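Peer 1: Sequence plus the predicted model coming up.
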Amino acid sequence: AATCLTPSNIYKEGTIGIPFPDTFYKIVRIGTHDEVPYNTDGEICISGPTVMMKYINNPEETYQALRQHKDKRIWLHTGDIGMLDEDGFITIVDRKKDMLIYKGYNVYPSRLEDALFKHPAVSNATVIGKPSRGVGEIPKAFVILKPGAKASVEELIEFVNQEVVHYAKIRELEIVDEFPVSPAGKILKRILREKEVKKINSPI
């Protein structure tokens, strides 16, 4: 962990910058307190005077989020997956709750979504982890096409999979007219997952 490592006027595209002075931060292996090397995915943890003290009337959530590490500091486990570079800049990769695990590999839906958005026919896209026996979860994509645009499921899968590592390849893709969204317009991935689980568990 470290405080501000670089002058505040330095900017790196794609990063969220550097922490405030007197704020400590580190990237830990998911599910542990162990720091990972530079430019390695892990959970972002922060400690300092700006960090909350607790969740009001919710000790379980407080316990999950605030942990004391070996250095005796109290660290907030943010739930954000990110990377730290040698200059102290943090890049957010995804939310921990959205990460899926395929054959033991961590797969980040946001990276697959970014790849889908590069296709000229794609208007919107989201990726979830669909439970699959023997492998844990498979990446399944849902895509909304632009008005008048045409693209096949096979074409979109091939377009994305040529850009990603073997374990992160999209295994299923569905073209839809709309996504379930919250009042604020956020895609409700939870509902998409629940529908997939119901399909799996439904009798033929």
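Peer 2: The structure has been received and is ready for your questions.

Peer 1: Would you mind pulling the contact partners of the top helix by length along the chain?
Peer 2: Within the chain, and with DSSP state H defining each element, the longest helix by residue count is helix 189-201. Contacts with helix 189-201, where a contact means C-beta atoms under 8 Å, 6 or more residues apart in numbering, come from Asp98, Pro109, Thr126, Ile128, Gly129, Lys130, Pro131, Lys140, Phe142, Phe179, Pro180. (C-beta placed from N, C-alpha, C; glycine too.)

Peer 1: Could you do stretch 96-110 as well?
Peer 2: Residues lying outside stretch 96-110 but in contact with it, judged by C-beta under 8 Å, 6+ apart, are 30, 41, 43, 79-81, 93-94, 126-129, 135-139, 167-168, 189.

Peer 1: Show me just the buried residues among the residues you listed.
Peer 2: Neighbour-count burial (16 or more other C-beta atoms under 10 Å) applied to the contacts of stretch 96-110 gives 30, 41, 43, 80-81, 93-94, 126-129, 137-139, 168, 189.

Peer 1: From these, pick the one nearest Asn161.
Peer 2: Looking at the buried ones among the contacts of stretch 96-110 and their distance to Asn161, the nearest is Ala168, at 8.5 Å (C-beta to C-beta).

Peer 1: I figured that closest one hits Leu112, correct?
Peer 2: Yes - between Ala168 and Leu112 a contact is recorded at 6.7 Å, counting by C-beta atoms under 8 Å.

Peer 1: Next, show the common contact partners of these two.
Peer 2: Residues touching both Ala168 and Leu112 (C-beta under 8 Å, 6+ apart) are Pro139.

Peer 1: How about the contacts made by the spatially most central residue of the chain?
Peer 2: Most central residue of the chain, judged by C-alpha distance to the mean C-alpha position with C-alpha atoms, centre = their mean, is Asp94 at 2.1 Å. Asp94 is in contact with Asp80, Ile81, Tyr108, Pro109, Ser110, Arg111, counting by C-beta under 8 Å, 6+ apart.
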